[in-house]
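S.K.: Predicted structure and sequence below. I'll ask about it afterward.
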Amino acid sequence: MTRRRGAIPPSAPTRWERVWAVVRRIPRGRVATYGQVAKLAGLPGQARFVGYALAALPDGSGVAWQRVVNASGRVSARRDGGNAEALQAAMLRREGVRFGADGAIALERFRWRPRGGRR
DNA sequence: ATGCTGACTATGT
DNA sequence: TACATAGCCAGCA
């Protein structure tokens, strides 16, 4: 107990961990936008960090990262140019999320709406 | 310790 | 309508 008053706790959750916690709450068959997740994680206006946090997710984390799409309702392109993009779309379709003819999801229809007044 | 990089979005010209 | 800019975390060399 040498920890002094006001000291930072041993494992203070990082902002990224908070982002992951929010993403875990997105139900199957629904999607949320980066900005939406950022706000729910207590990082309003920091949509970009959500993208970073997801990119940093370790494999097998159990976090449904595929349920996070950009404000246009589309799967964001990875700079890496891997197959993650196609995989994400495939996973979403498998959950029942449908893409329009232009490849975009109708957010007004599939967007996750958490209860409790927050959005 | 510094600097670069990476899954975004709102706003202004 | 299209393009540029600001905002600002965490891991790694």
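M.R.: Good, I have the coordinates. Computed from a prediction, not measured in an experiment: that's the story for all the values here. Residues are numbered from 1 along each chain as shown, chains lettered A, B, ... in the order given.
S.K.: ok, residue A:51 to DNA strand C distance?
M.R.: 10 Å (CB to the nearest atom of the strand, to the nearest Å). Any C-beta I mention is one placed from the backbone N, CA and C, and that applies to glycine too.
S.K.: so what's that residue up against?
M.R.: A:34, A:76 (CB atoms under 8 Å, 6 or more residues apart in numbering).
S.K.: State the helix or strand in which it lies.
M.R.: Under the criterion of DSSP states H and E, residue A:51 resides in helix A:47-55.
S.K.: And that helix, what's buried?
M.R.: Residues of helix A:47-55 classed as buried by neighbour count (16 or more other CB atoms under 10 Å): A:47, A:49, A:50, A:51, A:53, A:54.
S.K.: Follow the chain on from it and name the next helix or strand.
M.R.: strand A:68-69.
S.K.: which residues make contact with that next one from outside it?
M.R.: By CB under 8 Å, 6+ apart, strand A:68-69 touches A:23, A:26, A:31, A:32, A:33, A:34, A:37, A:50, A:54, A:75, A:76, A:105.
S.K.: Would you mind confirming that residue A:73 is in contact with residue A:104?
M.R.: Yes - assessed by CB atoms under 8 Å, residue A:73 is found in contact with residue A:104 at 4.2 Å.
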